[in-house]
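Chemist: Compute the structure for the input listed below.
(one chain, ligands or ions: 1)
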Amino acid sequence: MIVCVNLNIEQGDFSLTDVNFEINKGDYVVLMGKTGCGKTTVMESICGLRQIKSGEIWLEEHNISADMPAKREIGYVPQDGVLFKHMTVAQNIGFALKIRKWDKHKIKERVNELAQVFGIDYLLDREAHDLSGGEKQRVALARALSFYPKVICLDEPLSALDEHTKDDMFNLLSSLKQNFDVTVLHVTHSKTEAVKLADKVLKFKNGEVKELQPTEL
Ligand SMILES: Nc1ncnc2c1ncn2[C@@H]1O[C@H](COP(=O)(O)OP(=O)(O)OP(=O)(O)O)[C@@H](O)[C@H]1O
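Modeler: Got it, this is the predicted structure:
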């Protein structure tokens, strides 16, 4: 479970005041709202990539508000699935495990397991810079899930994909709940994505965050 309590965030002229919401463990939650309303800001604050001015972020029984990103057990897929370009796909997927000082053999095992699940075994030795958009997203997803995070955050994961690739990724995202014991936060502008994937929607409007059912959109 993730609980945000009275979050106050300020960056330049933009601010969010007293944001409160709860996300149940294992839920697929979609964050929506007009461009510039603060979806990425809140997601990155949960990941520990942006500072909050005040308030608390809880992950299960831990107050993670002041923890470093790597300590939060949250995987992150940035917009356009940004990868480490000059690393191979295998090195990208294993990156978080290397910095967590996993044994080499265990890293290889986990990388191979994820590559199978995401259908990217044939890419493992390729450098990441010339992958297609769909391949990049699969690698970024595998990388974010490598260390068994409790939560993964996806920033507009489907926005740069063509229709065909988007359908593949839809299937992959909707299978996350079955294949991984993970809570998902997904930022999007697409109502279709929300209706197809979300258990709950967090709608950002005028500095407030409202909880909606996808059927209420
Ligand atoms: N480092 C920063 N310094 C100052 N302002 C910032 C900074 N980062 C973001 N902002 C501003 O904060 C506001 C919220 O940005 P954010 O990226 O969270 O919006 P968003 O809802 O994710 O938008 P989009 O849907 O376009 O991705 C925007 O007005 C943005 O310009």
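
Chemist: worst-scoring helix or strand of the chain, pLDDT-wise?
Modeler: Across the helices and strands of the chain, mean pLDDT, DSSP states H and E gives its lowest value to helix 176-179, namely a mean of 82.

Chemist: Tell me how far the next helix-or-strand element following that one lies from the chain's centre.
Modeler: Reading on from helix 176-179 to the C-terminus, the next helix or strand found by DSSP states H and E is strand 183-187. Strand 183-187 sits 6 Å away from the centroid of its parent chain (C-alpha atoms, centre = their mean, to the nearest Å).

Chemist: Is the ligand within reach of the next helix-or-strand element following strand 183-187?
Modeler: Secondary structure here is assigned by DSSP H and E; on that basis, the next helix or strand after strand 183-187 toward the C-terminus is helix 191-197. No. Using C-beta under 6 Å from any ligand atom, no contact is recorded between helix 191-197 and the ligand, whose separation bottoms out at 13.2 Å. C-beta coordinates here come from the backbone N, C-alpha and C atoms, glycine included.

Chemist: List the buried residues in helix 191-197.
Modeler: Judged by neighbour count (16 or more other C-beta atoms under 10 Å), helix 191-197 contains these buried residues: 193-194, 197.

Chemist: and which of the residues you listed is nearest I93?
Modeler: When the buried residues of helix 191-197 are compared for distance to I93 (C-beta to C-beta), L197 comes out closest, at 23.1 Å.
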